[in-house]
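Participant: Based on what follows, work out the 3D shape:
(2 chains)
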Number of protein chains: 2
Amino acid sequence: MTTTTIERQDCETSSSNIAVFETNATWRDGLRTDVNARQFMIPVDEPPELGGADSAPNPMELLLAGLDGCLAVMIRVVAAEYGAEVTAIRLVSQGALDVRGFLGTAAVQPYFHKVHTRIEVATDLAAENFDAFTHAVHNRCPAGTLIEAAGIDFTIDWIRV
Amino acid sequence: MTTTTIERQDCETSSSNIAVFETNATWRDGLRTDVNARQFMIPVDEPPELGGADSAPNPMELLLAGLDGCLAVMIRVVAAEYGAEVTAIRLVSQGALDVRGFLGTAAVQPYFHKVHTRIEVATDLAAENFDAFTHAVHNRCPAGTLIEAAGIDFTIDWIRV
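Facilitator: Numbers count the residues shown, from 1 in each chain, chains lettered A, B, ... in the order given. From the prediction side, this is the model:
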């Protein structure tokens, strides 16, 4: 584990705007893998119907968790730009994929063909700014824009509560 | 939280090959969000340099954790198709992004421009099958193919140990 293509040092040298994130993972048994990110351990497994022991979330659930967390961060970041308070955020995300892709039994894309997120947000943001606010969150969220760039049908329902 | 675009029932009705994954998240405070996926809780936060309290992995680290877990699952699945044993897997993943994208301070893509994974695998797979094996893992992995479909420069270094 001594060489990598992306060197933190290189990136910092070339541009102070580049952030590099890193994980270090060890497969345990069955379909269980323990992933370390800095001081945190993120276990990954599969449910029994996908061949695992159901000891942890599965990889696709972690992608959706990253999406949820990323959208929540962006809501806070963009609201602050408007000088608005946020008092509650709830998110429900769903992603659908055709299992024949990773099983190799049909020539279909292995990744999500559809992702949907429902967001409930409580904020004192002025009503006339709400559309611009939601667009900024949607268009600047690293996880959401990654999903969109993959050509996935990605939609967000915004509910102001 | 009563309506969603993707209905599990609809998908199951239209095709038994469609799997739907779901998360349900609640923002706590600062940049901390607690995400539930079935019986599992996945906390998300940001490190201090990104404005968080550093209580959990950040969203991009969760995406990389999902990638690592997904690649490990695919290694096991594809090795089994070859009748091969796998005795060890280690993965190091890195993703680089320009923070000006999510900060909204420059017109750059908010998501990773580069992702690299180094995989060490110990297996009794016949040497002549190793290239086909790694290609199958790469091309059928839901998380990896999602990253690739987004146009990200995604590379894997395979090391047989």
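Participant: Export stretch A:32-44 to PDB, keeping only CA atoms.
Facilitator: Extracted in PDB, the C-alpha atoms of stretch A:32-44 (Å, rounded to 0.1, in the frame of the first residue of the first chain):
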ATOM      1  CA  ARG A  32     -18.100  -8.300   4.500                       C
ATOM      2  CA  THR A  33     -15.500  -5.600   4.100                       C
ATOM      3  CA  ASP A  34     -14.300  -3.100   6.700                       C
ATOM      4  CA  VAL A  35     -13.500   0.300   5.300                       C
ATOM      5  CA  ASN A  36     -11.400   2.800   7.100                       C
ATOM      6  CA  ALA A  37     -11.700   6.500   6.300                       C
ATOM      7  CA  ARG A  38      -9.300   8.500   8.600                       C
ATOM      8  CA  GLN A  39     -10.300   7.500  12.200                       C
ATOM      9  CA  PHE A  40     -13.700   6.100  11.100                       C
ATOM     10  CA  MET A  41     -14.600   2.500  10.300                       C
ATOM     11  CA  ILE A  42     -17.400   1.900   7.800                       C
ATOM     12  CA  PRO A  43     -18.500  -1.800   7.600                       C
ATOM     13  CA  VAL A  44     -20.000  -3.000   4.300                       C
END
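Participant: Buried residues in it, which are they?
Facilitator: Residues A:32-37, A:40, A:42-44 are the ones in stretch A:32-44 that count as buried (16 or more other Cβ atoms under 10 Å in any protein chain shown). To be clear about C-beta, it is placed using only N, CA and C from the backbone, and glycine gets the same treatment.
Participant: mind checking the SS state of A:Gly52?
Facilitator: coil (DSSP: H, G, I helix; E, B strand; the rest coil).
Participant: was I right about it contacting A:Glu61?
Facilitator: No. Using Cβ atoms under 8 Å, A:Gly52 makes no contact with A:Glu61, being 11.8 Å away.
Participant: And the average pLDDT for the helix or strand A:Ser93 falls within is what?
Facilitator: Assigned by DSSP states H and E, A:Ser93 falls within strand A:86-98. Averaging pLDDT along strand A:86-98 gives 98.
Participant: Tell me the gap between it and the middle of its chain.
Facilitator: 10 Å (Cα atoms, centre = their mean, to the nearest Å).
Participant: Please identify the pairing partners of that strand and their relative orientation?
Facilitator: strand A:114-123 (antiparallel), strand B:18-29 (antiparallel) (DSSP bridges).
Participant: Can you dump the C-alpha atoms of it in PDB for me?
Facilitator: Provided in PDB are the C-alpha atoms of strand A:86-98 (Å, rounded to 0.1, in the frame of the first residue of the first chain):
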ATOM      1  CA  VAL A  86     -32.400  25.800   8.900                       C
ATOM      2  CA  THR A  87     -34.200  24.100  11.700                       C
ATOM      3  CA  ALA A  88     -34.900  20.700  10.300                       C
ATOM      4  CA  ILE A  89     -33.900  18.500   7.300                       C
ATOM      5  CA  ARG A  90     -35.200  15.000   6.500                       C
ATOM      6  CA  LEU A  91     -34.300  13.100   3.400                       C
ATOM      7  CA  VAL A  92     -35.500   9.800   1.900                       C
ATOM      8  CA  SER A  93     -33.500   8.500  -1.000                       C
ATOM      9  CA  GLN A  94     -34.100   5.500  -3.200                       C
ATOM     10  CA  GLY A  95     -32.000   4.000  -6.000                       C
ATOM     11  CA  ALA A  96     -33.100   1.300  -8.400                       C
ATOM     12  CA  LEU A  97     -30.900  -1.000 -10.400                       C
ATOM     13  CA  ASP A  98     -31.200  -4.100 -12.500                       C
END
